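Chemist: Here is the input, now give the coordinates:
(2 chains)
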Amino acid sequence: MTKCRICYQTKAEWPENSLDDHLLESHATDETSIRAVYSDRYERLFENGAPVETDDETDADSEAESGSELGPLDDGGFDSSVSDDLLDDTYGKKWYMIGVGGAGNNIMDAILLRKSTLERNNEDRSLVWRGGLAGYGMLNTNIAELEQTYYAQELKEYSRNDLLPNAIIGFGKHDYSGMGRRWDNGEKVVRADFEDGNPFRERWDMDPQHIRDAQAIMFVHSVTKGTGCGSTPALAEHVREEVLSDDYVIDKAILSSVVIPSAEDKFGGRARTNGAVGLARMSQTADAIIPFNNERLQDVQGDVKPRIDGIERYNPPQYTELNKPLVAFLEAFTMSSTPQIIDQDATMSIQGEVFDVSDSFRPVEDKYPLDLDREYTPAVILAPVLGRSRDASLDKSGLEILVRNALFHNKLSDFDPTTAWGGTFLIYGPEEKMESISPYVNDNTLREIIGGEEMLDVGDVSGAESIDIHISQMVIPYLDDVYLWGTLWNPRMPSLEAMYEHAKKLKEEGNSRQAESLRDIWHLVDPLFSCLGRENMA
Amino acid sequence: MATGRDTQLPLAAWGLAGVPILATFVQTTLAVAETTLGSAGLSGVQDAIRSVAVFDAAAILMWQSPGLVSGLFVLIAGAWAAQGVAQFGRHNRDVTFAAAGLVSVLFFALFFGVYFPMFGSDVPLVQVLGFFAVPVVASGAAVGSALGHDWDEKVVEEKSAELAAVASDLDRKREAFEEAYRRRIGDLDALADIAPNGVERARERRREFRERCDGLESDVAAAGRGSADQLRAEASSLASRVESLDPETEVGRIEDDLRERVASGVRTTYGTVQCWSRYDRSYELVNLPSRFRDVEIQAFDTAVHVGRIDEAFLSRLDEGADLETVAQAVGEVDDHVGRIEAYVGQYESSFAERADAAGSDIETVETKCDRFEGRVADRLSELVVEGRDGDLPSVRGVRERLDSGRDALHDCRFDEAERAAEEAAEDASEAVTLVEFLWSVVGTIDHRGERVSLPASVDPTAIERLRPAFEREYGVEFRVADGALELTYRERAGETEPGDESEGGSESGVGGEVAAHERGEADVRTESDGQVERARPEEVIDSVLFVFRELKTAGRATDGDHAEIQTGELPESVATPAVLTQIRRFGQRQTDVLETLDVQENAPPGFIELVPKEGTSVEAAADALHERYREQYG
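Modeler: Reported below is the predicted structural model:
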């Protein structure tokens, strides 16, 4: 249904017949907003800053247009054509995803291949991505990595010459062979891009309007190398400042799905330093960060391994399996607020609890302690879990097993659940299984299990703030098993602490240029790492 | 069609030929009738004619054989007249040419037979040549008239009629073929399953006959659109080709071939009536209820046992039963087999649904068992995969049940098959639950949990069987109580370390505890409300580290020479006797960075004071404590 992006009212709520009429009647005095939001209509509706009279032809056009957007609603029910309109409209979809750097490109490729796999097999689940993905883009400083992607080879059929303007960071500013693990270089090339203009508008293959249409922007990257670590935070800043509207009272959400080096990582010091810097820098601009450990992804892949045809061709062999649970997690996150996919025949009591992106992290922002010395309020760390139960019928003890396995074994990054500030959970599965689970969700049994002493340990709080657990449930008719998806807020994470400790040692004891660079930005690194763990909750 | 202009020229030529013919005919007739021009009052004319030497000589010669001359002239005149009638009246090309030929032959016979003596007489040669030019001109005109006549219209008319007859004959033969085919062969669909090649061949030959007819039909149509010459050339050929079509013989050949193949098919298909399952095995149909064992074949007016269907068919084929009846019988038998398949199919679907679920579950069990490590993995594999304990659900047991269920299914012992599938599915489901439960126990052990709810479907016997392996692998004791698995960690009681092969840990508990205390790393033991509380260093790690961080922060407010915090400033969960005791113990051993780390006696409530070693800041000392504690117990 047509929705005004200025007042957020749907067509049913306007007195006017068409969007053009509505803009002229209700927002004519707010010409600036119309020009910003509806640049395509502005030229038609305004002349020298004043509204023009709409003639019959315009009305007819508008009616025809609105009619097509509405679809055949005469029968009064949920109609597939309406669904198609919703699915094809970028407005209100969950994500605009941007894969940055080599790892980001690979993960973005895996997501696009997953979408393609579902669509090619006519699986109902394809609606998750069709209805959840407002758009996507790939950015990198390494042309060779870009050239090897599914995005470049199959989806866009880009040649090297096409990729340079459409997907390269720092066009004309370097030799397109990557940033050599230097985060500072990664940042410099982004800054250079924006000094020359706004590449989102002028060059990159991403429509700023589509970015604005999405509920949230998701950056997918790693923080071990130069581009993902150095370029992504700068990109996020520029998206915030130059792409998204600065008129909003509440900013549009920016999230980061980031692959971090693990505590036992043998990458060496550079990776850990980059990780600390990259995460800290990202946490300045992003609202939430979802960290993933490759080791943890390796451990859980047997449980959560979606089918992704062709991933072997485009992802490096060592990441083909690791990226699958990551994609599964993001797919579940995407379906959490994609109402188009809900089974309309299921009973309402167990189908309607979707949540929006902001629901997953906004409640946490209030729990930060007031600290006037802190440079900024860091992004919320959303520690990911995705468990699966193959039990034919789940009772209370079965749910407990599911929760234990999800929180103890199926953590997609390394963290201690008992130190989290709370969490958002989504339990979903086929109707017949959800029918038996739903009572346990409704009577808070599941909440009690998750909040138990060994899990989130909600009783262990020292301050006035509580440990909140939000649980939603959904019927996904085409699944066989029950899944528990969750994000735990700001838990202590050994891998992050290891990165922090390493970077801190380098900062304090190092005599290198890298150490000096670290010292320059240490005031930005500290706030994020001082917020992890329950003891740092207000 | 010939136009008026086309007709005028041949008519003029024919008329030109008639001038000398009629003139000489009249003159000869008059002469023979002894009537001369003179007696008719035309003596002047006669004299004028006779004054020409050649005519005079001709008259003399005529009177030498007047009968012959007059007869020839009559014949010539008659032939000329016949040509005119045939050519212009009846449009008969053959008669026209025959008459024109006759005119020429007779004319030349007359002139060279009767008048040839003129040559050598004293008649001037010019006149003789002129006289002999008369038959040449007349013959030429008569033949030329016939040649110049437009005969095509007539040819087309005639040949079109012939072609219409050919087309009609073709339609008749085609209908005859179709009628014979319907009568003797009929609908082949019912036979397609038992004699697919025969049916295909019959259809192909029927198609070929039709194509021949269609080809002839299009050739007839094409010939009808052709020129008269083409019509003349092709009409008879087409008639001959149509004549060669023999519908009855063709249908007979098709029938004979099909009958042979049907007999072969019957032997193959019904020699042993079988229903095949999705498991690529056939059912023992003789074990079915009698309503499925005996087949009522109304087309043959008989009922036969499923094992003797082929005999019934072959005898009927030998007796010459028409194929339509055979096809009807085939349909009835197939319907019966279909009913059998539906009957067994419902049991098969039900079985397969459960078997598939069980199969999927045991795959899950095998996959999940691979995740366990060490002794637990080995023991689990023995019990849950290999099924060494017959009382517990196992992958092997499920597979055996499914195998026996499949055997029962194909023996048509459906109740038994269903029971086996149900039991297999239940066992597989229980095995999944058991493995998932045990996996959650491993996670719980990793996180030092103490109690895990025991699902109702998990047999405590299984837990008992696995207990020793868990105890050795993880150093934990199991106890099932109140519907839950209670975990007790041996380190707490100073018992065997994980991996220790010795058992009977409870006996060594006291000694172990004492030993641990002597190492200075023992669990903290405190009393609260009369109850003994225990806490291992790693259990209180977060609280201890929290206190160290608080000390570091407090140190900044005292210029770095010492740090002090009140337990009241700490969260209640942190400021516990166990945590404070552990801090005191730990601090006593860090003499390289600490001067003292005092915890007030009987705290909480009380204070904690840190005094760093000379030359060391509070911050560095607190960091060192933090790092060391985390490394040691984290």
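
Chemist: Please make it C-alpha for all contacts and neighbour counts, starting now.
Modeler: OK.

Chemist: ok so B:Glu234 is a helix residue?
Modeler: Yes - secondary structure of B:Glu234 (DSSP: H, G, I helix; E, B strand; the rest coil): part of a helix.

Chemist: Might one say that it is in contact with B:Ala223?
Modeler: Yes - judged on Cα atoms under 8 Å, B:Glu234 makes contact with B:Ala223 at a distance of 6.8 Å.

Chemist: Could you say which helix or strand holds whatever residue of the stretch 251-400 of chain A ends up closest to chain B?
Modeler: Nearest to chain B, among the residues of the stretch 251-400 of chain A, is A:Ser397, at 5.0 Å (Cα to the nearest Cα). Per DSSP states H and E: A:Ser397 is located in helix A:396-404.

Chemist: Could you check that helix and say which residues are buried?
Modeler: Neighbour-count burial for helix A:396-404 flags A:396-404 (criterion: 16 or more other Cα atoms under 10 Å in any protein chain shown).

Chemist: Likewise for stretch A:404-421?
Modeler: Along stretch A:404-421, the positions that meet the burial threshold by neighbour count (16+ other Cα under 10 Å) are A:404-421.

Chemist: quick one: the helices in the stretch 351-500 of chain B?
Modeler: Assigned helices in the stretch 351-500 of chain B, in chain order: B:374-380, B:395-410, B:414-446, B:460-474 (criterion: DSSP state H, counting those that start in this stretch).

Chemist: my bad, should have said the stretch 201-350 of chain B
Modeler: Under the criterion DSSP H, counting those that start in this stretch, helices of the stretch 201-350 of chain B are mapped to B:228-244, B:247-270, B:290-293, B:309-318, B:323-369.

Chemist: looking at these, which is closest to B:Leu487?
Modeler: Closest approach to B:Leu487 among these is made by helix B:323-369 (21.0 Å; Cα to Cα).

Chemist: ok, and the closest non-adjacent residue to the residue in the stretch 351-500 of chain A that chain B sits nearest to?
Modeler: Nearest residue of the stretch 351-500 of chain A to chain B, counting by Cα to the nearest Cα: A:Ser462, 4.5 Å away. Closest residue to A:Ser462 apart from its sequence neighbours, by Cα to Cα, 6 or more residues apart in numbering or on different chains: B:Pro571 at 4.5 Å.

Chemist: Is that neighbour in a helix, a strand, or coil?
Modeler: Using three-state DSSP, the three-state assignment for B:Pro571 comes out as coil.

Chemist: how about it, phi and psi?
Modeler: Backbone dihedrals for B:Pro571, given as degrees, to the nearest 10, come out at phi -60, psi 150.

Chemist: Next: the one 4 residues further on.
Modeler: Taking degrees, to the nearest 10, you get phi -80, psi 60 for the backbone angles of B:Ala575.

Chemist: Which pLDDT value goes with it?
Modeler: According to the prediction, B:Ala575 has pLDDT 82.

Chemist: Mind telling me what element A:Glu312 is part of?
Modeler: Mapping A:Glu312 onto the secondary structure by DSSP H and E places it in helix A:311-314.

Chemist: Pull the residues that contact the very next helix or strand once past that helix.
Modeler: Toward the C-terminus, helix A:311-314 is succeeded by helix A:317-320 as the next helix or strand (DSSP H and E). Helix A:317-320 has contacts (Cα atoms under 8 Å, 6 or more residues apart in numbering or on different chains) with A:311-312.

Chemist: buried ones in helix A:317-320?
Modeler: Buried residues in helix A:317-320, defined by neighbour count with 16+ other Cα under 10 Å: A:319-320.

Chemist: Which strand or helix spans B:Thr596?
Modeler: Using DSSP H and E, B:Thr596 maps to strand B:594-599.

Chemist: what comes into contact with that strand?
Modeler: Residues outside strand B:594-599 that contact it (Cα under 8 Å, 6+ apart) are B:580-581, B:583-584, B:587-588, B:606-614, B:621.

Chemist: Can you name the next helix or strand after that strand?
Modeler: The helix or strand immediately downstream of strand B:594-599 is strand B:607-612, counting by DSSP H and E.

Chemist: before we move on, back to that, ok and the helix holding A:Ser397 relative to helix B:414-446, angle-wise?
Modeler: Regarding helix A:396-404 and helix B:414-446, their directions subtend 50 degrees when assessed with axes from the mean of the first three to the mean of the last three Cα atoms, to 10 degrees.

Chemist: Helix A:396-404 - contacts with which helices or strands?
Modeler: Helices and strands in packing contact with helix A:396-404 are listed as strand A:380-389, helix A:445-450, helix B:414-446; criterion 3 or more Cα pairs under 8 Å, 6 or more residues apart in numbering or on different chains; DSSP states H and E.

Chemist: that older thread, partners of the strand holding B:Thr596 in the sheet?
Modeler: strand B:607-612 (antiparallel) (DSSP bridges).

Chemist: right, and the helix or strand after the strand it pairs with?
Modeler: Sequence-wise, the next helix or strand downstream of strand B:607-612 (DSSP H and E) is helix B:618-633.

Chemist: thinking again about what came up before, check which element follows the helix holding A:Ser397 along the chain.
Modeler: In the C-terminal direction, the helix or strand that comes right after helix A:396-404 (DSSP H and E) is strand A:422-429.

Chemist: rewinding a little: mind listing residues that contact the helix holding A:Ser397?
Modeler: In contact with helix A:396-404 (Cα under 8 Å, 6+ apart) are residues A:387-389, A:391, A:440, A:445-446, A:449-450, A:455, A:484, B:433, B:436-437, B:440, B:443-444, B:453-456.

Chemist: TSV please, covering the buried residues of helix A:396-404 and showing pLDDT.
Modeler: Conversion of those to TSV gives the following (pLDDT from 0 to 100):
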residue	pLDDT
A:Lys396	87
A:Ser397	86
A:Gly398	87
A:Leu399	90
A:Glu400	90
A:Ile401	89
A:Leu402	91
A:Val403	92
A:Arg404	90
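
Chemist: Write out the residues of chain B neighbouring chain A.
Modeler: With the criterion set to Cα under 8 Å from any Cα of the partner chain, chain B comes near chain A through B:361, B:367, B:429, B:432-433, B:436-437, B:439-440, B:443-444, B:446-447, B:449, B:453-456, B:546, B:571-573.

Chemist: one step back: what subset of the contacts of helix A:396-404 is buried?
Modeler: A:387-389, A:391, A:440, A:445-446, A:449-450, A:455, A:484, B:433, B:436-437, B:440, B:443-444, B:453-455.

Chemist: Report the angle between the strand holding B:Thr596 and helix B:618-633.
Modeler: Orientation check (the same axes, to 10 degrees): strand B:594-599 against helix B:618-633 gives 70 degrees.

Chemist: Next, A:Gly463: phi, psi?
Modeler: Summarising the backbone geometry of A:Gly463 under the convention degrees, to the nearest 10, its torsions are phi -100, psi -160.

Chemist: Around it, how many other residues sit close by?
Modeler: Neighbour count of A:Gly463, defined by other Cα atoms under 10 Å in any protein chain shown: 14.
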